[in-house]
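1. dropping a prediction and its sequence here:
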Amino acid sequence: MGGPFFFRAGGGIMGGRNTCFSPGYPFFMINAFIPLVLSLALLAGPLLAETRAELIAVIEAAGHNETDQERNRVEIAGCTMTTYRWRNVPDKGWILWTSFLIPMPDVMIVEDKKNAGSFFSAIELVERDDLVIIQFEARDGVEVRHEKSVLRKSKRETSPSPRGDGTTHFFEYKDRFFIIQEGVDVIEKARIFTEGYRRYVQDFCTFIG
């Protein structure tokens with residue numbers, strides 16, 4: 001990425017969002033204040049956020065996760081959310097593996113079929129970190145742009161992404177998708193993220209004409 005990360009007004013970790021993750025800046029070392037800011041934002045939770053900026057900060061903090069092999073974050077601009085997932089690929093370093101551009105008013109988080117009232121699926125593991133899956137579904141007629149590394153295969157029609165030199169990533173479109181996070185605290189983050197997303201859409205992205 002082009003330079004160190006920083007927090008912008010209203011929350012969110014900013015940097016070279018149109019480039020691949022720079023192996024020269026390990027995510028956990030870029031800004032020593034990030035863990036403190038994330039902790040404070042998560043502690044507040046979506047129900048205590050009083051302003052749009054505060055709620056954005058809570059959602060983005062809950063969408064931030066990192067392990068030795070993967071990095072996740074989300075950014076909200078207006079009523080559009082962009083998700084990012086990097087993978088540490090052997091012999092290649094950190095690669096932007098997947099990214100969704102989500103029109104939030106048109107995309108809902110799907111309720112877990114096995115756990116009524118929960119909007120994520122949690123898998124608690126004994127010998128490794130917990131795993132959560134958050135599923136999204138677009139309204140009829142809406143498709144979400146999915147950007148993927150060319151290291152991945154696709155069975156759909158694709159078009160080149162302008163990222164990098166135009167040969168490193170491609171776009172495809174879908175109406176259902178999911179994001180995955182793994183770590184010691186991802187279950188609580190998923191709860192906060194899904195509550196925050198749903199409240200944000202209701203409070204700031206539902207337009208009545």
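-> That came through fine.
2. when you work out contacts or count neighbours from here on, use the C-alpha atoms and nothing else.
-> Fine.
3. give the rounded mean pLDDT of the longest helix anywhere in the chain.
-> Longest helix of the chain, by residue count under DSSP state H: helix 186-204. Averaged across helix 186-204, pLDDT comes to 95.
4. list the buried residues in it.
-> The neighbour-count check on helix 186-204 (16 or more other CA atoms under 10 Å) flags 186-187, 189-198, 200-201 as buried.
5. regarding Ala53, what is its secondary structure?
-> Following DSSP: H, G, I helix; E, B strand; the rest coil, the label given to Ala53 is helix.
6. from Ile192, how far out is it?
-> Distance of Ala53 to Ile192, computed by CA to CA, to the nearest Å: 16 Å.
7. contact partners for Gln135?
-> By CA atoms under 8 Å, 6 or more residues apart in numbering, the contact set of Gln135 is Ile109, Val110, Phe119, Phe120, Arg176, Phe177, Phe178, Ile179.
8. after the helix or strand hosting it, which helix or strand is next?
-> For Gln135, the host element (DSSP states H and E) is strand 130-138. Downstream of strand 130-138, the first helix or strand assigned by DSSP H and E is strand 144-149.
9. hey, C-alpha coordinates of that following strand in PDB?
-> C-alpha atoms of strand 144-149 as PDB (Å, rounded to 0.1, in the frame of the first residue of the first chain):
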ATOM      1  CA  VAL A 144     -22.800  -7.000  -6.200                       C
ATOM      2  CA  ARG A 145     -19.400  -6.500  -7.700                       C
ATOM      3  CA  HIS A 146     -16.900  -9.000  -6.500                       C
ATOM      4  CA  GLU A 147     -13.200  -8.300  -7.200                       C
ATOM      5  CA  LYS A 148     -10.900 -11.300  -7.100                       C
ATOM      6  CA  SER A 149      -7.200 -12.100  -7.500                       C
END
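10. returning to what we had before: and the longest helix of the chain with strand 130-138, angle?
-> Here the directions of helix 186-204 and strand 130-138 differ by 30 degrees (axes from the mean of the first three to the mean of the last three CA atoms, to 10 degrees).
11. now for helix 186-204, which elements pack on it?
-> When contacts are defined as 3 or more CA pairs under 8 Å, 6 or more residues apart in numbering; DSSP states H and E, helix 186-204 packs onto helix 52-62, strand 107-109, strand 130-138.
12. so which of those gets nearest Phe207?
-> Proximity to Phe207, assessed across the helices and strands packed on helix 186-204 by CA to CA, is greatest for strand 107-109 (14.3 Å).
13. name the residues that touch the closest one?
-> Residues outside strand 107-109 that contact it (CA under 8 Å, 6+ apart): Phe119, Ile134, Gln135, Phe136, Glu137, Ala138, Arg139, Thr194, Arg198.
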